[in-house]
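Student: sequence plus predicted model, see below.
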Amino acid sequence: MTAIALDSPRTTAAPAPGGNPRPLLTVENLRIGFGATEVVKGISFQVAPGRCLAIVGESGSGKSVTARTLVGLTGAGARVRADRLELDAGAAATVGSGPIDLTALAERSWRRIRGRDIGFVLQDALVSLDQLRRVGDEVAEPLKVHRWGNRAARRAKAVELLASVGVPEPEVKARQRPYELSGGLRQRALIASAIALDPPLLIADEPTTALDVTVQAQILDLLAESKRGGQAIILISHDLSVVDRIADDVAVMKDGEIVEQGTVADVLYAPAHPYTRALLDAVPSTHTRGTRLVKPAAGEPAGALRTRAPIDPDDVVLEARHLSKVYRGPDRVDRTVVDDVSFALRRGETLGIVGESGSGKTTTARMALALERATAGEVLLDGEAWTGLSVGARRPRRHRIGVVYQDPLSSFDPRWPVGRILLDALATGPRPPSAKAEARQRAVRLLEQVGLRAEHLEAAPLRLSGGQRQRVAIARALAPEPEVIVCDEPVSALDVSIQAQVLDLLTDLQDELGVSYLFISHDLGVIHHMSDRILVMKGGRVVESGTADDVFEHPRHPYTRSLLTALPRLEGRGALPSTPSREDRVR
């Protein structure tokens, strides 16, 4: 990472006896509680300059609240206690000399530390960026808060930072608002803001979740470069292959406790705790294709083979013919984001679409759903016109095609409980309930299909876990009895164990109902695990297509080969011969 000049020089941590740098951050017996509930139960760890500690675990394990506590953002009413929670001032020149007790800081002191001494990358880019401000202003905010440069210098630095994290056309994107960018571009803007002042400690909570593998590789290379320059990193991630690529040490959290801790080699390749082994077994990859990721039931072997009806290649349920889409940008220049894309989705089949952010895959999916008007081309549903019809003409057939989004919460009415969400969806199907009792019975059946219970009918989506919300989203998509479900990044925001459960659920539903999936993802492991056939998109065009095994084992296009090369993988878990080893990456 290119160092950014500060108003005062930054000192580095002095080496401890023996030549190793003393810890930049020391955490001993950290406990965090809300009300009567203790969510973090006495964890301890250290991170030194030039090293990366990864904290992994399921949703609710306490890893994210730990990260937020380290930047003074635990939340109102929280209880934070620790025997030691110290930032070494030798590497944080702005706060004076001697270790800083982070439990004793007032908000004014925290504001002096955040951004300059501790950078923080949040996972949810959509709500973490002010939708009314330009992206460049958001990126430059830490520079402004810490009085770095003048307005023109900050504006130029924001563009430079956006370019450093792989944002294309950074001058254009800096003038746009966050809602005009894809999820991956918003996440890159957050990272750019966090590294703006080159803080000695960077805490990154799922920093690559929304990123495709090529940009993910670029961000990981950027983090590796900053680590070599002496920056300490705490990485919160559910992606164990990312952890393997960047981390030196790993702490595995479960129910607020660290159940296993050690070097990457020890924890990921010789795990001692059953929970760690279960996390590793849930990672989708080449060797999991055609099997379940989660043990189906007590007494049944994990990885049982799936069974489904044969796919008829002539039974096409959704067909796209020469789709194109042109947008006009804020600079009034027309850009073609989808260019002559065609595909055919067969009944009971999963067609995966993969590509980097901006490749056109989500726009293609939205045109297939008739939520976006194509500039050219058409989509047929069951062999009949679909996108060329008026809204009124499509309405009687709308139930045949459903959708599951990456962030289901933003697609739910926040005022509605789960039951009303499902009842609303049932009313749009070919068999709307005729009585309240029937409606409740069918809603309960939908919940049971996705592994939830009748008691969830009264639950507010905000009160559900991420995995439960995604199950509700799948139940809502199933309610109108669709033939096709478009899955747009349906598991990218989920930790690995919940991701495995949702992928198994989608597989089971396909076997049971014969539904077809148009499956959009930047995660190649997920795409290979789920898909029968794959389209690879770049720059709005399909550059390669074929069966999942053909595309992964015999990629023809240079771009496909570059995607597979950039894919971080755990050694021995479906790695391709061309994938560089961890030792090669370290060298």
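Tutor: Nice, thanks for sending it over.

Student: could you dump stretch 457-468 to PDB, C-alpha only?
Tutor: Extracted C-alpha coordinates of stretch 457-468, given in PDB (Å, rounded to 0.1, in the frame of the first residue of the first chain):
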ATOM      1  CA  LEU A 457     -45.100 -16.700  11.400                       C
ATOM      2  CA  GLU A 458     -45.300 -14.000  14.000                       C
ATOM      3  CA  ALA A 459     -41.600 -13.100  13.900                       C
ATOM      4  CA  ALA A 460     -40.400  -9.700  12.500                       C
ATOM      5  CA  PRO A 461     -37.600 -10.200   9.900                       C
ATOM      6  CA  LEU A 462     -35.300  -7.900  11.900                       C
ATOM      7  CA  ARG A 463     -35.400 -10.400  14.800                       C
ATOM      8  CA  LEU A 464     -34.300 -13.300  12.600                       C
ATOM      9  CA  SER A 465     -30.700 -14.400  11.900                       C
ATOM     10  CA  GLY A 466     -29.300 -14.000   8.400                       C
ATOM     11  CA  GLY A 467     -29.800 -17.700   7.700                       C
ATOM     12  CA  GLN A 468     -33.400 -17.600   8.900                       C
END
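
Student: can you list the buried residues in that stretch?
Tutor: Going by neighbour count (16 or more other Cβ atoms under 10 Å), the buried part of stretch 457-468 is 457, 459, 461, 464, 466-468. (Glycine included, C-beta is placed from N, CA and C.)

Student: inside helices: which ones of those residues?
Tutor: Under the assignment DSSP state H, the buried residues of stretch 457-468 contribute 466-468 to helices.

Student: which pair in the buried residues of stretch 457-468 spans the largest distance?
Tutor: The span of the buried residues of stretch 457-468, defined through Cβ to Cβ, is set by Leu457 and Gly466 at 19.2 Å.

Student: coming back round to it: distance to Ala194 and pLDDT added to the buried residues of stretch 457-468, as a markdown table?
Tutor: Formatted as a markdown table, the buried residues of stretch 457-468 follow (distance: Cβ to Cβ, whole Å; pLDDT from 0 to 100):
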| residue | distance to Ala194 | pLDDT |
| --- | --- | --- |
| Leu457 | 40 | 96 |
| Ala459 | 34 | 93 |
| Pro461 | 29 | 89 |
| Leu464 | 29 | 85 |
| Gly466 | 22 | 75 |
| Gly467 | 27 | 79 |
| Gln468 | 30 | 87 |
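
Student: output those in a markdown table; the columns should cover distance to Ser241.
Tutor: Shown next, in a markdown table, are the buried residues of stretch 457-468 (distance: Cβ to Cβ, whole Å):
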| residue | distance to Ser241 |
| --- | --- |
| Leu457 | 38 |
| Ala459 | 33 |
| Pro461 | 30 |
| Leu464 | 28 |
| Gly466 | 20 |
| Gly467 | 20 |
| Gln468 | 25 |
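
Student: return the member of those nearest to Ala54.
Tutor: Each of the buried residues of stretch 457-468 was checked against Ala54 using Cβ to Cβ; the closest is Gly466, at 19.6 Å.

Student: wait, the closest one touches Gly60, no?
Tutor: No. Counting by Cβ atoms under 8 Å, Gly466 stays clear of Gly60, with 9.2 Å between them.

Student: quick one: end-to-end distance for stretch 547-560.
Tutor: By Cα to Cα, to the nearest Å, the extent of stretch 547-560 from end to end equals 13 Å.

Student: same check, this time on stretch 480-495
Tutor: In stretch 480-495, first residue to last residue: 29 Å (Cα to Cα).

Student: quick one: average pLDDT of that stretch?
Tutor: The average pLDDT for stretch 480-495 rounds to 89.

Student: can you give me the buried ones in that stretch?
Tutor: Neighbour-count burial for stretch 480-495 flags 480, 482-495 (criterion: 16+ other Cβ under 10 Å).

Student: other SSEs contacting the helix or strand harbouring Phe120?
Tutor: Under the criterion of DSSP states H and E, Phe120 resides in strand 118-121. Under the contact definition 3 or more Cβ pairs under 8 Å, 6 or more residues apart in numbering; DSSP states H and E, strand 118-121 sits against helix 183-194, strand 201-205.

Student: for Ala370, which non-adjacent residue is spatially closest?
Tutor: Thr387 (5.1 Å; Cβ to Cβ, 6 or more residues apart in numbering).

Student: is the one you found in contact with Met367, as I believe?
Tutor: Yes. With contact defined as Cβ under 8 Å, Thr387 and Met367 form a contacting pair (6.5 Å).

Student: of the helices and strands packed on strand 118-121, which is nearest Val71?
Tutor: So among the helices and strands packed on strand 118-121, strand 201-205 is nearest, using Cβ to Cβ, at 6.3 Å.

Student: what segments of the stretch 251-400 of the chain are helices?
Tutor: 264-269, 274-281, 361-368, 391-394 (DSSP state H, counting those that start in this stretch).

Student: give me the angle between the third one and helix 183-194.
Tutor: What that stands for is helix 361-368. 150 degrees (axes from the mean of the first three to the mean of the last three Cα atoms, to 10 degrees).
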